[in-house]
Every structure is written in C-alpha cells, then in structure tokens.
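J.: need a structure here:
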Amino acid sequence: MWITLLPGLGVEGDAHAGTTVQHRSRVARDTAKPNLRQVHLLHRELLLELETKGFLIGPGQIGENILTLGLDLLGLPTDTVLRIGDAAQVRVTGLRNPCVQLDRFKPGLMAATLGRDASGGLVRKAGIMAIVLQGGVVRPGDPIVVVLPPEPHRHLLPV
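T.: This is a model prediction of the structure:
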C-alpha cells in the first residue's frame, strides 16, 4: 500500500486534501483559511500505548496518512521539513487536536490520546499535521529524514 502526496494539496484522494481548510469544523468557521492539515502523521508508539489501554487500532483507522516508528514527532519544532522516501517533502505545521470523532470510533479514545506533562500541562498525543512541499509516492518502510528549521525553534501548537 502506498500514498501519493501532491504539492500544496495533500494526499491524493483524501477528503482533507486542498489548498484551503477541508476539516468540517474549520470550514464552518472560515473556508478561505489555508489548509495546514494536508497530511496527518502519527507515531506507531501511540497505537502500542493505546493497545495497553484496551484500544486495538490498526493503521489508518484514526485518520493518519503516515505512520512512523522511532521518530519523536511530538518533539519536532514547527516548520521542520520531513523528507520521505525518494522525493516527498512535508513541512510540519502543528499538532493534531484530538476531537470527538475519536470517541465515535471507540468510546473513550479521545481521552486516551491526551495526557499531562510533569508540570501538569496538556499533552496532545494524536500526531502532527503537515503541508506538502514536494510531491511523491510514500511507501511503508520509506526512510524519513528530519531537517530542523533555523533557531529559535517554536513548539508545536494545535492546528
């Protein structure tokens, strides 16, 4: 299985592909805003964590387009570029904000994707969002090269 990333649009055939917002809640607010949620990346480690809480979730079932392993997605700064496979490049725009659609899929899942850090701050663990800079085909097992933006780095915020 593979996906094709289209520059400036997102994942070919995905409901969220487009230059302007496509997510239902954001379209209701302002249809002209740029789409910062073209690609959803999720760390496989979250699926393993959720499994220990009784949630058996397969790849793609919670809307992610790309599943990673061994990459600290949540620790990346805003504007990090990820080079994926032979040609594709995406720019990280922010965190996925877990929504009630997760609970519609499996009751209690939204709360399970949230946590607290050592100081009590909210941690959103449902992955990150990106826009496509350079298109290409992405296949399972493709390498991902992280290119950090210039400092000072900005922490990821929900988009």
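J.: ranges for the strands of this structure?
T.: Ranges of strands in the chain, per DSSP state E, are 3-6, 10-11, 39-43, 66-68, 81-84, 88-95, 114-116, 122-124, 128-134, 136-138, 144-147.
J.: among those, which is nearest residue 157?
T.: strand 88-95 (5.2 Å; Cβ to Cβ). To be clear about C-beta, it is placed using only N, CA and C from the backbone, and glycine gets the same treatment.
J.: hang on, the earlier thing: export the strands of the chain to CSV and tack on mean pLDDT?
T.: CSV is the format used below for those (pLDDT from 0 to 100):
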stretch, mean pLDDT
strand 3-6, 98
strand 10-11, 98
strand 39-43, 98
strand 66-68, 98
strand 81-84, 98
strand 88-95, 98
strand 114-116, 95
strand 122-124, 96
strand 128-134, 98
strand 136-138, 98
strand 144-147, 98
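J.: mind giving me JSON lines with those strands and columns for mean neighbour count and distance to residue 156?
T.: Below are those laid out as JSON lines (neighbours: other Cβ atoms under 10 Å; distance: least, Cβ to Cβ, whole Å):
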{"stretch": "strand 3-6", "mean neighbour count": "20", "distance to residue 156": "20"}
{"stretch": "strand 10-11", "mean neighbour count": "23", "distance to residue 156": "19"}
{"stretch": "strand 39-43", "mean neighbour count": "24", "distance to residue 156": "11"}
{"stretch": "strand 66-68", "mean neighbour count": "20", "distance to residue 156": "15"}
{"stretch": "strand 81-84", "mean neighbour count": "21", "distance to residue 156": "13"}
{"stretch": "strand 88-95", "mean neighbour count": "22", "distance to residue 156": "5"}
{"stretch": "strand 114-116", "mean neighbour count": "12", "distance to residue 156": "15"}
{"stretch": "strand 122-124", "mean neighbour count": "13", "distance to residue 156": "9"}
{"stretch": "strand 128-134", "mean neighbour count": "22", "distance to residue 156": "6"}
{"stretch": "strand 136-138", "mean neighbour count": "19", "distance to residue 156": "21"}
{"stretch": "strand 144-147", "mean neighbour count": "13", "distance to residue 156": "14"}
